[in-house]
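A.B. asks: Got a sequence here, can you model it:
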Amino acid sequence: MSVHKEKASVRYKASVVEKLLEKAEVDRAFSYNKAQWTEAASLMAPPGWTLQTYDRETGLQIIAFNSSTGCAISIQPFFTNEKWPPDLVIVGTYLPIGMMSPITAELKAHIKAQAQDEIGPAYSLILNHRTAEDMEMFEFQITEL
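C.D. replies: Have a look, this model is predicted:
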């Protein structure tokens, strides 16, 4: 691979990594109590994406799918009561295999560091990654400090 192609590949990976988690969606998810989240959850999906909601005991989960790219997102808050914001939010980003380079330990550490930088020091996160069938799955378990 030429140096030019290698640099382009790294830039492409970085642009995908930067879109895996956004501070605004994390802040929004932690700003609602359970009833407020249920009311606002349908507004969390990007325009033009197909939205599905699932009523869970711990809070309404949203899953949005972009049929033109094959990408999906999921936001699942975990409320322990009706009054307070969630104790935990899991944000999932699901990408077709091949959209990113193969995930190495180094790239996974970079993704986690990039995500932590994006959401800032007010939050702690754990990154889980796996592949299944034709999807790369990145799930960020986020808690507010």
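
A.B. asks: Where does pLDDT dip in this structure?
C.D. replies: Residue ranges of the chain with pLDDT under 70: 1-19.

A.B. asks: just so I have it, where are all the strands in it?
C.D. replies: Ranges of strands in the chain, per DSSP state E, are 50-56, 59-66, 71-78, 88-96, 123-132, 135-144.

A.B. asks: Now mean neighbour count too, for those strands, in TSV please.
C.D. replies: In short, each C-beta sits where N, CA and C put it, glycine included. TSV is the format used below for those (neighbours: other CB atoms under 10 Å):
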stretch	mean neighbour count
strand 50-56	12
strand 59-66	19
strand 71-78	21
strand 88-96	19
strand 123-132	14
strand 135-144	18
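
A.B. asks: Any chance of TSV for the ones you listed, columns distance to Lys112?
C.D. replies: Compiled in TSV, these are given as follows (distance: least, CB to CB, whole Å):
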stretch	distance to Lys112
strand 50-56	26
strand 59-66	23
strand 71-78	18
strand 88-96	13
strand 123-132	4
strand 135-144	8
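
A.B. asks: and of the ones you listed, who's closest to Glu106?
C.D. replies: strand 123-132 (12.7 Å; CB to CB).

A.B. asks: Show me what the closest one is packed against.
C.D. replies: Using 3 or more CB pairs under 8 Å, 6 or more residues apart in numbering; DSSP states H and E as the contact test, the elements touching strand 123-132 are helix 105-119, strand 135-144.

A.B. asks: Work out the gap between that strand and the centre of the chain.
C.D. replies: Strand 123-132 has its C-alpha centroid displaced from the chain centroid by 9 Å (CA atoms, centre = their mean, to the nearest Å).
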